[in-house]
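Chemist: structure, please.
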Amino acid sequence: MTANLKLFLFYLLFIFSSIFTQCRRNSSETRLAFYFWQTHLDKSNFDDNFLKQQNGQRLYIAVLNIETNAKNEAVPSIETNVDWSILPQSIQIVPVVYIPNHVFERIDKTAIEHFVKNLSHYFLNKIPPSVFFPEIQIDCDWTEKTRVAYFSFLEKLKLQVQKPISATIRLHQIKYRSKTGIPPVDKGALMMYNLNAPNKYSSQNSIFDANECEKYLKGQKRYDLPLDIALPVFSWGLVFRNKQYQGIFNGLSIDESKNLSFLNLNTEGGKNYFQVVQDTVFRGLYLRYGDEIEIEEVNENDLYDAAKLARPMLNNDTTNVVFYHLNSSIIKNLDAHVFQKVLNYLH
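Modeler: This is a model prediction of the structure:
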C-alpha cells in the first residue's frame, strides 16, 4: 500500500468518524429539569403548572443539608419538609443531599458507615413508596484532601441503597481531575456556576462569568462520566461595607432593588451596585449609610454562553439540563421560552 493511499484512507476514516460522532450528538436527547432548593415544598411555593407548560421532566429536590455534631458525626442540619402528595406523577423526582466538604475532613471510617446507614434509612422511610426516584444525587465540593473519605462514602452508599448515584461536578474538578479524581458514581452533574467567591469585592460576576468559565474548560477532554448540565437562573445581593463582605440577600434582583427607597443605583464600572442612602434593617440585616449592595444576576445571553461552553463536554445519549433553581422569581422574570431555547442549543 502506497503512502498516498494510506493517507487517503486515514482522512476517509477521520471524516466518517466525525460524521458518526456528530450524528450521535444530533440524535441525543436533552430533558428539561429544575432544582428545588427551599426548606419546604407545598402548595404555597410549588406550581406544577409551570413544569407542565415547560414540559419539565425532572425535579431535583434538596431534601437534606448535612453538618457534623460535637462528636464529629454527620447529621442533618436542615431537612426539607416536602408534601410529596402534590408532586405530579409525570415528573421524575431526584432527592439531593448537600454535604459541605468539611464534613469529610472531620468524620472517620466508622462515622462514614453510620452516615450511610442513616441516609439509607431516610430514603427508605421518609420518602413514600409511591414516589419513584430513578437516582440519588450527592452535592459536595470535594477536594484532593477529602477525596478518599468522600469516594469511600459514595461507594458504600451505592451498595446500601441499590440505586444509581450521581454527583455534582465543579469546574475545578474537571480541570484538575488528576488530583481530585473521578467519583465512583453512575453520572455527574456539571455545575456551570459559582465560579468565584461571592464574599470578595470584585468586578467579576461570581455566579457566572464566561471568560472565567472558559479558563477551566478550554482544551479539556471529555470527563470519564456521563454528564448532565446544571445552569444558573438565580440572583443575589452581596452586601459590602468599605469593600468588606457583610452578608447576602438570596433572590434579590435589580428590579426589586430599584423599588427600595433606601437604595440608589450606581452602575459605574459596568456592575450593578446599589448604595444605601439611609440606615435601615432589611431582611434581618442592618444596613448602614454608604454600604453597597452588588446585585448579581444571570440573563438569557449568559445561559447561551454557558451552554456553548458546556456543549463539548456532553458525552451522554440523554442529558438532563437542570436549572438552579425553581422559584417564583424565575417564573416571573425569565422569558418562558428561554429554557427550550437553551435545550435546543445543546441538542
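
Chemist: any low-confidence regions in the protein?
Modeler: Along the chain, the parts satisfying pLDDT under 70 run over 1-27, 269-270.

Chemist: rerun that using 80 as the cut-off
Modeler: Residue ranges of the chain with pLDDT under 80: 1-28, 267-271, 331-333, 347.

Chemist: which residue ranges make up the domains of it?
Modeler: With automatic domain parsing as the criterion, the domains of the chain are listed as 29-233+300-346, 241-292.

Chemist: most packed of the ones you listed?
Modeler: Most buried of the domains of the chain by mean neighbour count (mean count of other Cβ atoms under 10 Å) is domain 29-233+300-346; its value is a mean of 17. Backbone N, C-alpha and C define where each C-beta goes, glycine included.

Chemist: any idea how far it is from the middle of the chain?
Modeler: 5 Å (Cα atoms, centre = their mean, to the nearest Å).

Chemist: what's near enough to touch the closest residue to Ile295 other than its chain neighbours?
Modeler: In this structure, Ile295 finds its nearest non-sequential neighbour in Asn272, 4.5 Å apart by Cβ to Cβ, 6 or more residues apart in numbering. Applying Cβ atoms under 8 Å, 6 or more residues apart in numbering, one finds that Asn272 lies in contact with 254, 257, 265, 294-297.

Chemist: can you list those in TSV and add secondary structure?
Modeler: Putting the contacts of Asn272 into TSV (DSSP: H, G, I helix; E, B strand; the rest coil) gives the following:
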residue	secondary structure
Ile254	helix
Ser257	helix
Leu265	strand
Glu294	strand
Ile295	strand
Glu296	strand
Glu297	coil
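
Chemist: the residue lying closest to His102 once chain neighbours are set aside bridge partners, please.
Modeler: Nearest residue to His102 in three dimensions, chain neighbours excluded: Thr68, at 7.6 Å (Cβ to Cβ, 6+ apart). With DSSP bridges as the criterion, Thr68 is bridged to Ala74.

Chemist: Phe132 sits in which helix or strand?
Modeler: Using DSSP states H and E, Phe132 is not contained in any helix or strand.

Chemist: that one touches Ile93, doesn't it?
Modeler: Yes: the criterion here is Cβ atoms under 8 Å, and Phe132 meets it with Ile93 at 7.3 Å.

Chemist: the host helix or strand of Asn264 pairs with which strands, parallel or anti?
Modeler: Assigned by DSSP H and E, Asn264 falls within strand 263-266. Sheet neighbours of strand 263-266, with direction, are listed as strand 273-276 (antiparallel) (DSSP bridges).
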